[in-house]
Each structure stands twice: as C-alpha cells, then as structure tokens.
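Engineer: What would the 3D arrangement of this be:
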Amino acid sequence: MKIEAMLWIAVLILVALAFRFPKTRAFSFSAIGVAIVAIVVIVVIARRIEPVGLTAAPPPVIEQKPVDFERFHIENLDKADPEAKNRIRVAEIRFDQIRAQAGAERGSIGSIVARLYNDSTTYTLTDYGYYLVVQDCIKAVCTPVFDQHGQSAVSVPPNQARDVEIAIRGGNARNLPPIKILGTVNILLTPDATRAQLADSPKPTD
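Structural biologist: A predicted model of the protein is given here:
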C-alpha cells in the first residue's frame with residue numbers, strides 16, 4: 001500500500017534525524033514509535049477487509065442415464081410401420097386371470113402372469129403397452145408398493161388370447177430390493193398402448 005510505504009520512509013528519515021541531531025532524539029524516537037504503530041494498524045485493517053478468495057467448486061457430477069433399449073425398440077417399430085399403433089384401439093385389448101408369481105425371497109413377487117385378449121376382428125396384436133400397480137392389502141386397506149410402465153412384444157391373432165408374463169423390477173430398476181407383500185396382494189394391470197398388423201401380414205422387424 002502507498003500509505004504503508006510512505007510511513008516506512010518516514011521511519012527511516014526519523015531514525016536518520018535521531019542520529020544526526022541528538023537534541024531531538026527523544027522526539028524522533030517517539031515519532032518512530034507512532035509511525036510503527038500506524039503501520040501495524042494499517043496492515044491489520046487491510047488483512048481484515050481483504051476479500052476471501054473463493055475456493056473453486058468441484059465440477060458437478062453429471063449422472064449418466066442408462067440407455068433405454070425399450071424406447072429404442074419402440075422408435076424403430078414406429079419408423080418401420082407408422083400406422084401400427086393406430087390399428088387396434090386400447091379398449092380392444094384386455095388382461096384377465098391376473099396373478100402374481102413368487103420371487104426368490106420368501107414373501108416377494110418375481111413376476112405377474114396374465115391372459116391377454118385381443119378383441120379386434122381384423123388385426124393381429126404384435127406389441128402391447130401396460131401400466132402395472134402392485135398393492136399390499138392389510139385389514140382392507142390397500143397400499144401401492146410398486147408400479148411400472150412397460151412395452152412387450154406378443155402375437156395375438158384376432159379374437160384370440162395369449163398368456164403373458166411381466167417381470168417385476170425390469171429395466172432400470174433391476175438392482176432395487178424385491179417387492180415383499182405383508183398382507184394380501186392386489187394387482188392392477190391395464191393396457192395403455194397397442195401395435196398391430198393385418199392377420200395375414202408378416203410381423204415387421206426392426
């Protein structure tokens with residue numbers, strides 16, 4: 001700082017004067033003391049008001065999303081046959097005889113088995129979308145403990161049915177703990193998408 005430098009120069013001048021003029025030595029030493037105290041005060045104040053340097057924050061961790069192969073498969077189907085998802089209305093397919101299959105651990109659920117009906121009189125169902133909710137019912141109070149959306153391939157001709165199996169904890173949730181039921185299981189399984197082709201047409205490939 002400029003003031004600090006000037007005070008140090010003044011101290012040096014006063015020291016020289018003290019030795020040069022003995023009569024004013026006492027006054028010179030007093031002035032030197034005052035100057036030194038002033039320098040110390042200025043240094044302390046300067047350090048207190050000095051802005052604290054900001055520590056560079058580590059770069060944020062970018063979470064890498066897993067590749068959604070199911071979505072990739074659906075996009076390929078739509079490109080190969082854009083009209084496939086409009087041939088059968090969602091209301092024309094239904095699930096029945098829905099039941100849970102036991103998992104590896106006691107009290108857990110490994111998969112859901114159901115019969116899928118295609119009530120269309122013209123088209124063969126080739127893919128279906130679904131929404132699955134698993135409820136745990138204790139004393140007549142049912143609480144959802146798991147849900148998932150999914151898409152699966154199938155081949156169900158017009159006015160026919162096929163048995164399908166839906167794995168619990170599929171896709172990105174595969175590493176989560178198994179679903180356990182403490183009371184009675186209640187399963188809600190509803191269709192939410194369809195893809196279809198004419199009954200005598202070959203199924204498009206992706």
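Engineer: and stretch 195-205, what's its mean pLDDT?
Structural biologist: The predicted model assigns stretch 195-205 a mean pLDDT of 68.
Engineer: do the same with stretch 163-180
Structural biologist: Computed over stretch 163-180, the average pLDDT equals 74.
Engineer: ok, now stretch 91-111?
Structural biologist: pLDDT averaged over stretch 91-111 gives 91.
Engineer: Backbone dihedrals for residue 159, please?
Structural biologist: phi 60, psi 30 (degrees, to the nearest 10).
Engineer: Give the full set of residues in contact with it.
Structural biologist: Contact analysis of residue 159 by CB atoms under 8 Å, 6 or more residues apart in numbering lists 118, 119, 120, 121. Quick note: C-beta positions are derived from backbone N, CA and C, even for glycine.
Engineer: residues touching the third one, list them.
Structural biologist: What it means is residue 120. Applying CB under 8 Å, 6+ apart, the residues near residue 120 are 87, 88, 92, 93, 158, 159, 196.
Engineer: Please pick the buried ones from these.
Structural biologist: 87, 88, 92, 93, 158, 196 (16 or more other CB atoms under 10 Å).
Engineer: before we move on, back to that, in strands, which of the contacts of residue 120 fall?
Structural biologist: 93, 196 (DSSP state E).
Engineer: Could I get the buried residue list for stretch 76-96?
Structural biologist: Those would be 77, 81, 84, 85, 87, 88, 92, 93, 94, 95, for stretch 76-96 by 16+ other CB under 10 Å.
Engineer: So what would you say the end-to-end distance of that stretch is?
Structural biologist: With CA to CA, to the nearest Å as the measure, stretch 76-96 spans 29 Å from end to end.
Engineer: Any chance you could list what contacts it?
Structural biologist: Contacts of stretch 76-96 (CB under 8 Å, 6+ apart): 114-120, 122-123, 125-128, 130, 156, 161, 189-197, 204-206.
Engineer: buried subset of the residues you listed?
Structural biologist: By 16+ other CB under 10 Å, these give 114, 116-120, 123, 125-128, 130, 156, 161, 189, 191, 193-197 as buried.
Engineer: sorry, back to before: specify which member of the buried residues of stretch 76-96 is nearest to residue 140.
Structural biologist: The shortest gap between residue 140 and any of the buried residues of stretch 76-96 belongs to residue 95, at 23.9 Å (CB to CB).
Engineer: In which helix or strand does the closest one reside?
Structural biologist: According to DSSP states H and E, residue 95 maps onto strand 93-102.
Engineer: can you check residue 187 too?
Structural biologist: Residue 187 belongs to strand 184-198, assigned by DSSP H and E.
Engineer: quick one, that strand and strand 93-102 angle?
Structural biologist: Counting by axes from the mean of the first three to the mean of the last three CA atoms, to 10 degrees, strand 184-198 points 140 degrees away from the direction of strand 93-102.
Engineer: What strands flank strand 184-198, and is each parallel or antiparallel?
Structural biologist: Strand 184-198 has the following strand partners under DSSP bridges: strand 123-138 (antiparallel).
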